[in-house]
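1. let me see the structure of the following:
(chains A, B and C)
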Amino acid sequence: MEKGLVSIDRWNEGSQAYFLTHLHDDHTAGLSAAWRRGPLFCSPVTASLLPFRFRGFDVSLIRVIEVGATRALDLVSPASGAPVRVLVTAIDAHHCPGALMYLFHGTFGWVLYTGDFRWELSSERSQLAKRMLLDVLQGNTIDVLYMDNTYCNPSFSFPPREVATKQVIDIIVMHPDHDIVIAIGNLGKEELLVNISKALNIKIRVWPERLRTMHLLGYKDVFTTNTSLTRVRAIPRYSFTFETIDGLNQMRPTIGIMPSGLPWLLDTSKNTTLYTSLKSHQSEASPDLLQDMPHVRKLKHNAYCVPYSEHSCFSEIAQFIKVLQPSNISGIVSSTYIYINPRYYFSRVDRYLSDKSCESSKSGKSEVDKMGSSSGCKPSWQVRKEWKIKYVSLTSSGHVRRVSGLPRARRGAKIEASDSVSSS
DNA sequence: GCGATCAGCT
DNA sequence: CACAGCTGATCGC
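-> Below you'll find the predicted structure:
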């Protein structure tokens, strides 16, 4: 797609139409109440939250697009001045509330930008979204897939949210005399809390700002700020530390639950914060009550990490790729130090669909060399902050544009835009 | 003094 | 280290 036509989750450069996938902070950098570069497309839910997040935002800029709807954009080629028609269809991403994927179609071909997404294999909602996507494609091939590659590594394996929800409920039930604190962010994990509320017939306590978000999302009787109504409380993730949980335990017996696809562990050096070990994030054998809860980690005597993720795990990503068979793939998340070029796995994605995991990639050294890693299917755990290019705009060549503005020479090899996109 | 951006941290 | 996001420093206006 030609540059200067549309931007997705990018707000600092000139385009004729802007698309917001969802309202997490790392997708809204550059958006503010003062922003008014052009029309902003988003889901109805995102539209209802946007003026709350950015108070004073010019709502006349908002263009609501419903899941399954297709919009025609009549744009103008910045290069030639010729009219350009772009069709865009919104697809349910089932990430946080209001999260969308955008499928673009025009003379440039078909481009799918997933944003962050979780499509569980068994989920009805995902099946519906998949059918919608395939219906619109009508057998056409996606030319470029910009994809949420957060957990794009075979070592990331966790169950559907339904299972993780049951695990959280079980932990709560097994501690009938404890207060429970669950770490959440400003948006996301609502379904988890609602299902806890339903299963245990209790309200969930949240902080005041979060209650307003819940009301905007349409939850009426589930949440409260009243301290005396419930023993289950959601707290901001940044305040979920062992220090906090220990402090709460000075008052009342309290269990902390961290719902996350990341493998959190105790930071033994500080003893106050959580720590994630990326070298050993297979679930360790856990005593007693965790016997039937694969992937649940006991962080400390009074805290658990439950694998509730709003990003697809690797097998789900692999399935996604297998269904779509795109010509080119580009990861949209590269700020994670576990980033690996999606092409490495997706070019041989079939072998991962049978859950053979790491074994199969030990076969050829040449594959290892191609990948630029020294350890087979293991991720290359390099820390390269300058690889932050999560937000892209689509250009004529389909290349990923960098945000950071670092010299080309400093780019990480694995995220080289042309490397990801132009070959297949 | 303000917003935008970034470093540092969780 | 960071799914996402807070705090505080710094820069430009």
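
2. correct me if wrong: A:Ile8 contacts A:Leu100.
-> No - the criterion here is C-beta atoms under 8 Å, and A:Ile8 misses it with A:Leu100 at 10.1 Å. For glycine as for every other residue, the C-beta is placed from the backbone atoms N, C-alpha and C.

3. between these two, who's got more neighbours?
-> Between A:Ile8 and A:Leu100, counting by other C-beta atoms under 10 Å, A:Leu100 is the more crowded of the two (29 against 25).

4. which phi and psi does that one have?
-> Here is the backbone geometry of A:Leu100 (degrees, to the nearest 10): phi -120, psi 150.

5. please name the bridge partners of it.
-> Note on A:Leu100: beta-bridge partners by DSSP bridges are A:Asp92.

6. now do the contacts for it.
-> A:21-22, A:42-43, A:46, A:65, A:67, A:90-93, A:115 (C-beta atoms under 8 Å, 6 or more residues apart in numbering).

7. 7 Å - rerun?
-> A:21, A:43, A:90-93, A:115 (C-beta atoms under 7 Å, 6 or more residues apart in numbering).

8. now render these as TSV, adding distance to A:Ile180.
-> Putting those into TSV (distance: C-beta to C-beta, whole Å) gives the following:
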residue	distance to A:Ile180
A:Thr21	31
A:Ser43	31
A:Ala90	36
A:Ile91	35
A:Asp92	30
A:Ala93	29
A:Gly115	31
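
9. nearest to A:Arg125 among these?
-> Checking the contacts of A:Leu100 against A:Arg125 by C-beta to C-beta gives A:Asp92 as the nearest, at 6.4 Å.

10. for the closest one, give me its contacts.
-> Taking C-beta under 7 Å, 6+ apart as the test, what A:Asp92 contacts is A:67, A:100, A:125, A:129.

11. which one of the contacts of A:Leu100 is nearest DNA strand B?
-> For the contacts of A:Leu100, the minimum distance to DNA strand B (C-beta to the nearest atom of the strand) is 18.4 Å, reached by A:Thr21.

12. got phi/psi on A:Thr141?
-> According to degrees, to the nearest 10, A:Thr141 has phi -90, psi 140.

13. ok, it - how many residues close by?
-> Neighbours around A:Thr141, by other C-beta under 10 Å: 11.

14. with adjacent residues omitted, what lies nearest to it?
-> Spatial nearest neighbour of A:Thr141, excluding adjacent residues (C-beta to C-beta, 6 or more residues apart in numbering): A:Ser327 at 5.8 Å.

15. pLDDT score for that neighbour?
-> According to the prediction, A:Ser327 has pLDDT 92.

16. what's the distance between it and A:Leu112?
-> According to C-beta to C-beta, to the nearest Å, A:Ser327 and A:Leu112 sit 11 Å apart.

17. common neighbours of these two, please.
-> The contact sets of A:Ser327 and A:Leu112 overlap at A:Ile142 (C-beta under 7 Å, 6+ apart).

18. in terms of neighbours, single out the busier of the two.
-> A:Leu112 (23 against 15).

19. check contacts around that one.
-> With contact taken as C-beta under 7 Å, 6+ apart, A:Leu112 is in contact with A:101, A:103, A:142, A:145-146.

20. re the thing from before, of all the contacts of A:Leu100, which comes closest to A:Leu50?
-> A:Ser43 (10.1 Å).

21. so who does the closest one touch?
-> For A:Ser43, the contact set (C-beta under 7 Å, 6+ apart) comprises A:65, A:67, A:90, A:98, A:100.

22. most neighbours of all the contacts of A:Leu100, which one?
-> A:Thr21 (29 neighbours).

23. pretty sure that residue is in a helix, no?
-> No - using DSSP: H, G, I helix; E, B strand; the rest coil, the assignment for A:Thr21 is coil, not a helix.

24. from what I can see it touches A:Gly115, true?
-> Yes - the pair A:Thr21 / A:Gly115 is scored as a contact, 2.8 Å apart, by C-beta atoms under 7 Å.

25. now for these two: what residues contact both?
-> What both A:Thr21 and A:Gly115 touch, as defined by C-beta under 7 Å, 6+ apart, is the set A:9, A:93, A:99-100.
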